[in-house]
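Novice: just to be clear, the model below is a prediction. Sequence and coordinates:
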Amino acid sequence: MAQVEKRVQPSRKGKKAWRKNIDMAPVDEALESLRVEERVRGEGTKIDDLFTIDTTGDLQVKRQLARDKPLKVDEILAERSAIPAIIARVKAANTEKKESKHDLQKVNKIAKRKRENAIPTTPKKKKKQVKEATYDMWGDDDTEQKEEEEEEDKTNGFLDVVKERKVKAPSTLQSKPAALIHKAPVQVPHAGASYNPTMEDHQQLLKEAMDIEVKQEEAKKKLNEQLAYRKELDQLKHELEESISNNDDEEEEEEEEEGDAKDSKSIKSKHEGVRKTKTQRNKEKRKRYNRMLEEQKLHERDIRKQIDRVKSIETELQEHIQKLEEAAEIRRQLKEEDKKRGAHRLGRHYVKEQPVAVQLQEELSETLRQLKPEGNNLRERFSSIQERNIIEPRVPITPFKKYKAKIYEKRSYKIFDSQQQQKQKQKQQQKNKNKK
């Protein structure tokens with residue numbers, strides 16, 4: 001047989017090679033067959049002409065199926081399970097073979113003969129097995145170890161299956177902040193900030209900037225007053241001297257009062273021992289009883305008044321509840337407005353207010369060429385992102401500087417050093433003398 005030549009796939013690297021080496025023969029053949037069919041028949045064959053769907057069916061097949069259909073009785077019997085029923089009593093499989101009586105008699109005879117001819121032997125004494133201690137008498141109690149073993153038995157030596165828990169994303173991740181939706185990313189500056197503003201707009205913007213500066217100055221002044229030294233402290237010396245002199249006078253008056261009080265106590269102590277009579281005690285008892293009755297009557301009267309005022313109390317209660325609901329609604333609305341304005345606080349820092357970019361009347365330029373730029377675009381963009389609650393406000397952290405350690409010489413070290421220097425000088429002088 002002649003070997004079929006293996007078709008070599010040409011290179012298709014690049015568009016030129018792909019267009020050059022592509023095989024269009026099967027495509028051309030299919031198109032040519034369509035053209036031939038159109039020439040012969042006039043139009044191409046449709047799918048409905050080639051295939052049909054049988055909806056009626058074949059009568060012969062139906063009759064054949066009706067003949068082969070089993071009887072109803074056979075269907076009911078066939079529905080029974082092919083698996084055998086469970087037997088309550090299970091018989092054990094008897095694998096051991098039973099020996100015959102003849103064989104057992106032979107074995108017994110041989111064993112009897114051996115027993116009669118054998119030398120009687122003394123029975124060996126059983127040795128007592130001493131169990132050694134398997135615990136540390138100086139260690140801890142083994143109750144914990146037993147509990148651990150019991151837990152291991154319960155788990156059958158297997159650990160519980162540990163499932164990896166997915167990290168739950170915060171609910172705020174899916175929702176956008178309200179300030180991002182309601183607040184414009186780029187706010188249009190005030191009309192007075194233009195290079196050629198009207199007099200009214202420019203004065204209005206200057207007033208806003210001045211109000212901010214005044215508030216800052218007042219806050220600084222208040223802080224300086226709190227931290228400053230007060231002149232009232234100079235008058236403390238005179239006040240202390242006056243208070244010391246007043247205290248001496250008060251002590252003298254107190255001593256005199258104590259003396260008078262001692263005299264009055266001595267008089268009262270004489271009457272303290274006097275015992276009350278029965279009539280006095282009964283009188284006090286009646287007073288207490290009458291007072292209790294009056295209090296009870298007043299209490300009952302108050303209850304009757306409250307019962308009569310039930311409807312008015314209900315109306316007052318409803319009015320109070322309505323006021324509380326209105327206050328809660330107002331608070332909720334204010335909260336939503338704050339969120340829309342970007343007043344919602346994300347971190348522990350607040351968003352810094354940007355200074356008002358304004359020029360004085362003398363600094364205003366007549367042309368764009370002479371205009372002095374005000375503000376910073378980068379800072380404005382960054383503060384806008386913070387105000388719209390996209391990122392939390394941050395504060396610049398200054399780097400920590402570790403200063404070099406300063407070295408000081410102690411007095412004792414200085415004295416020791418000077419003594420050592422003197423000794424070295426003396427030794428040098430002695431060496432020079434010896435050389436001479």
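Specialist: Thanks, I have it. Numbers count the residues shown, from 1 in each chain.

Novice: need the residues that contact stretch 62-76.
Specialist: The contact list for stretch 62-76 (C-beta atoms under 8 Å, 6 or more residues apart in numbering) reads Ala78. C-beta here means a position set from N, CA and C on the backbone, and glycine is covered the same way.

Novice: what about 10 Å?
Specialist: Asp58, Leu77, Ala78 (C-beta atoms under 10 Å, 6 or more residues apart in numbering).

Novice: equivalent analysis for stretch 166-182, please.
Specialist: With contacts defined as C-beta under 10 Å, 6+ apart, stretch 166-182 is touched by 183, 336-344, 346, 385-390.

Novice: ok, now with 6 Å
Specialist: Lys339, Lys340, Gly342, Arg388, Asn389 (C-beta atoms under 6 Å, 6 or more residues apart in numbering).

Novice: got it, and stretch 391-409?
Specialist: Leu346, Gly347, His349, Val351, Ile385, Gln386.

Novice: who are the neighbours in contact with the first one?
Specialist: The neighbourhood of Leu346, defined by C-beta under 6 Å, 6+ apart, consists of Asn389, Glu392.

Novice: phi, psi of it?
Specialist: Backbone torsions of Leu346, given as degrees, to the nearest 10, read phi -90, psi -60.

Novice: confidence score at Asn282?
Specialist: For Asn282, the pLDDT comes out at 92.

Novice: any idea which element it lies in?
Specialist: helix 278-308 (DSSP states H and E).

Novice: count the neighbours of Ala178 for me.
Specialist: Per other C-beta atoms under 10 Å, the neighbour tally for Ala178 reads 18.

Novice: now the contacts of stretch 166-182 in TSV, with secondary structure and distance to Gln424?
Specialist: Shown next, in TSV, are the contacts of stretch 166-182 (DSSP: H, G, I helix; E, B strand; the rest coil; distance: C-beta to C-beta, whole Å):
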residue	secondary structure	distance to Gln424
Lys339	helix	82
Lys340	helix	85
Gly342	coil	78
Arg388	coil	77
Asn389	coil	76
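
Novice: and the residues you listed, which is the shakiest by pLDDT?
Specialist: Minimum pLDDT across the contacts of stretch 166-182 is recorded for Gly342, with 78.

Novice: quick one: list the elements packing against the helix holding Asn282.
Specialist: Packing partners of helix 278-308 (3 or more C-beta pairs under 6 Å, 6 or more residues apart in numbering; DSSP states H and E): none among the helices and strands.

Novice: where in the chain is pLDDT low?
Specialist: Applying pLDDT under 70 to the chain picks out residues 1-10, 12, 42-47, 81-82, 85, 87-98, 118-162, 232-273, 413-414, 436.

Novice: could you pull out the strands for it?
Specialist: In the chain, no segments count as strands under DSSP state E.
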